[in-house]
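J.: this one's sequence-less:
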């Protein structure tokens, strides 16, 4: 089966490494994907506060386009994953929203299909590919690299059915299958502040600092994320949040980058060099070959 | 001495606002609220809010429109959904906060040059025009309109991201841009027809 792939805007910008590493992992694990033809922005949380009805119509265009290609969508970005799921829920729950969306799609020659499934890579890798297959394909074991698994908010809340909403473990298990040591990280689903760093900087920097210091306090050598905004916030503002609190430097990567590394993807193909806080020193200390 | 009444009177209520709250998307179950406070306890932003989510739930269902739409809480919410997951009465707290934010923007209730409504509007405009968001352009547009001096402070980060290939200069857009316009027109037409 081929999945319809919905990258979303961030994976074409600041989150490029997420796309590069995800596609590298899927290639190695023989998961076929095809990008949704002419996909548009999901609207994220930002559009919803301008005009909710229109945002559902915009998100539904992606669902309708995808359903022409596959019965399942892979949406790696947390915001895209949430918005597509939320749109499906709302179309089911509110007849008025369904009417508005159906008519809007009809005006551009598309039809809404209710049965398409929106899935996160964590779900696909764990439940469709499976830990056994992944563990077998590991070429570069992560040798007990201490990782704080950071899920953020919108993957597991409020609609996810593939993992626990309070204490998710899918990423923990995937990383362990690659030989990493997952540290206790109770902040794993606490919010990074999203776009607050841009709009209310003091608040955003505080939230970022709590997450960074929590990871370091529990012995993490690297933080793994599953959302482009989380990665951006935690990676880019360590100096600024350090100025407000105390300095912390810890590499922040996508979980797919650690998977790609372990699965032996060619160096340079999964964007490790794109992180602002370099991970190379930690890898060489652990003698994990990265070349 | 600046004296301020600290107790709210029945007469301060706006029953129409209370009615709107319990009939808007997300607000349907608000009358079931027990005032247990799990939403406030779980909220990572509640320590910065003037009215915590629990208080906001009560104020909005009783119709204290001024307090609700004037509160900082609706702008602080990042939509992390922690409150919704915990609510023992399955109230869609996050969705209601969206509705309140949207209402505050419609009524123009926010400080001048406040970045959040500016960001929402510019974001929508970019989606309408290109169908996709080019992050770098969006950030520059927001800062130009709200805090242009911060653009200078961002230049170091900007350069670092550029070097790492994370700030593509080309702008992202979809092929069939007309479809977005047609889609928006259709939503507007249906909305008018149904008066929603």
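T.: Received, thanks. This is a predicted model, so every value here is computed, not measured.
J.: Got the confidence number for the residue lying closest to residue A:40 once chain neighbours are set aside?
T.: The shortest distance from residue A:40 to any non-neighbouring residue, by CB to CB, 6 or more residues apart in numbering or on different chains, is to residue B:131 (4.2 Å). Just so you know, the C-beta spots here come from the backbone N, C-alpha and C atoms, and that holds for glycine as well. On pLDDT, residue B:131 comes in at 94.
J.: Ok, residue A:18 next?
T.: In this model, residue A:18 carries a pLDDT of 98.
J.: quick one: residue B:138 is in a strand?
T.: No - counting by DSSP: H, G, I helix; E, B strand; the rest coil, residue B:138 is not found in a strand; it is helix.
J.: Give me the contact status of the top helix by length along chain B with chain A.
T.: Using DSSP state H to define each element, chain B has its longest helix at helix B:177-194. Yes - residues of helix B:177-194 contacting chain A under CB under 8 Å from any CB of the partner chain: B:179, B:180, B:182, B:183, B:184, B:185, B:186, B:187, B:189, B:190, B:191, B:194.
J.: Report the buried residues of that helix.
T.: Under the neighbour-count criterion of 16 or more other CB atoms under 10 Å in any protein chain shown, helix B:177-194 has B:179, B:180, B:183, B:184, B:186, B:187, B:190 buried.
J.: pLDDT added to the residues you listed, as a markdown table?
T.: Shown next, in a markdown table, are those (pLDDT from 0 to 100):
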| residue | pLDDT |
| --- | --- |
| B:179 | 95 |
| B:180 | 93 |
| B:183 | 95 |
| B:184 | 92 |
| B:186 | 96 |
| B:187 | 95 |
| B:190 | 95 |
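J.: Which residue ranges make up the domains of chain B?
T.: Domain assignment for chain B by automatic domain parsing gives B:10-106, B:115-194.
J.: Show the pLDDT at residue A:41.
T.: 95.
J.: Hmm, I typed the wrong one, I wanted residue B:4.
T.: At residue B:4, the predicted lDDT confidence score is 85.
J.: what's the answer for residue A:291, then?
T.: So, for residue A:291, pLDDT stands at 64.
J.: Quick check: which helices or strands does the host helix or strand of residue A:64 pack against?
T.: Assigned by DSSP states H and E, residue A:64 belongs to helix A:52-67. Secondary-structure packing of helix A:52-67 (3 or more CB pairs under 8 Å, 6 or more residues apart in numbering or on different chains; DSSP states H and E): helix A:44-48, strand A:72-74, helix A:78-93, helix A:95-106, helix B:93-106, helix B:177-194.
J.: By mean pLDDT, point me to the weakest helix or strand of chain A.
T.: Scoring the helices and strands of chain A by mean pLDDT, DSSP states H and E places helix A:44-48 at the bottom, with a mean of 83.
J.: ok, and for stretch A:247-257, which residues are buried?
T.: A:248, A:250, A:251, A:252, A:253, A:254, A:255, A:256, A:257.
J.: what's the most distant pair in those residues?
T.: A:248 and A:256 (23.6 Å; CB to CB).
J.: ok, the residue nearest to residue A:40 touching residue B:177?
T.: Yes - at 5.7 Å, residue B:131 counts as touching residue B:177 under the criterion of CB atoms under 8 Å.
J.: Break chain A down into its domains, please.
T.: When chain A is cut into domains by automatic domain parsing, you get A:2-119, A:138-285.
J.: Columns distance to residue B:160 on top of those domains, output as CSV?
T.: Converted to CSV, the domains of chain A look like this (distance: least, CB to CB, whole Å):
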stretch, distance to residue B:160
domain A:2-119, 11
domain A:138-285, 6
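J.: What is the helix or strand bottoming out on mean pLDDT in chain B packed up against?
T.: For chain B, counting by mean pLDDT, DSSP H and E, helix B:149-163 ranks last in confidence among helices and strands (a mean of 86). For helix B:149-163, the packing partners by 3+ CB pairs under 8 Å, 6+ apart come out as helix A:228-236, helix B:135-146.
J.: The ones you listed: which one's closest to residue A:111?
T.: Closest to residue A:111 of those is helix A:228-236 (CB to CB; 30.3 Å).
J.: who in the stretch 151-291 of chain A is up against chain B?
T.: So the stretch 151-291 of chain A meets chain B at A:153-154, A:157-158, A:165-166, A:189-191, A:193-196, A:198-200, A:203, A:207, A:236, A:273-276 (CB under 8 Å from any CB).
J.: still on that earlier bit, what inclination does the longest helix of chain B have with respect to helix A:95-106?
T.: For helix B:177-194 against helix A:95-106, the angle between stretch directions is 140 degrees (axes from the mean of the first three to the mean of the last three CA atoms, to 10 degrees).
J.: Show me how far helix B:177-194 is from its chain's centre.
T.: The chain centroid and the centroid of helix B:177-194 are separated by 23 Å under CA atoms, centre = their mean, to the nearest Å.
J.: go on, stretch B:19-28?
T.: With CA atoms, centre = their mean, you get 16 Å for stretch B:19-28.
J.: same check, this time on stretch B:103-121
T.: The answer for stretch B:103-121 is 9 Å, by CA atoms, centre = their mean.
J.: what pLDDT, on average, does that stretch get?
T.: Mean predicted confidence for stretch B:103-121 is 86.
J.: How about the contacts made by residue A:156?
T.: Residue A:156 sits next to A:163, A:164, A:165, A:168, A:189 when contact means CB atoms under 8 Å, 6 or more residues apart in numbering or on different chains.
J.: of these, buried ones?
T.: Buried members of the contacts of residue A:156, scored by 16+ other CB under 10 Å, are A:163, A:165, A:168, A:189.
J.: Export the residues you listed as TSV, with columns for pLDDT and secondary structure.
T.: Formatted as TSV, the entries for the buried ones among the contacts of residue A:156 read as follows, by pLDDT from 0 to 100; DSSP: H, G, I helix; E, B strand; the rest coil:
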residue	pLDDT	secondary structure
A:163	96	coil
A:165	93	coil
A:168	97	coil
A:189	96	coil
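J.: Identify, from the residues you listed, the entry nearest to chain B.
T.: Nearest to chain B out of the buried ones among the contacts of residue A:156 is residue A:165 (CB to the nearest CB; 4.9 Å).
J.: Could you pull up the residues touching the closest one?
T.: A:156, A:157, A:158, A:189, B:85.
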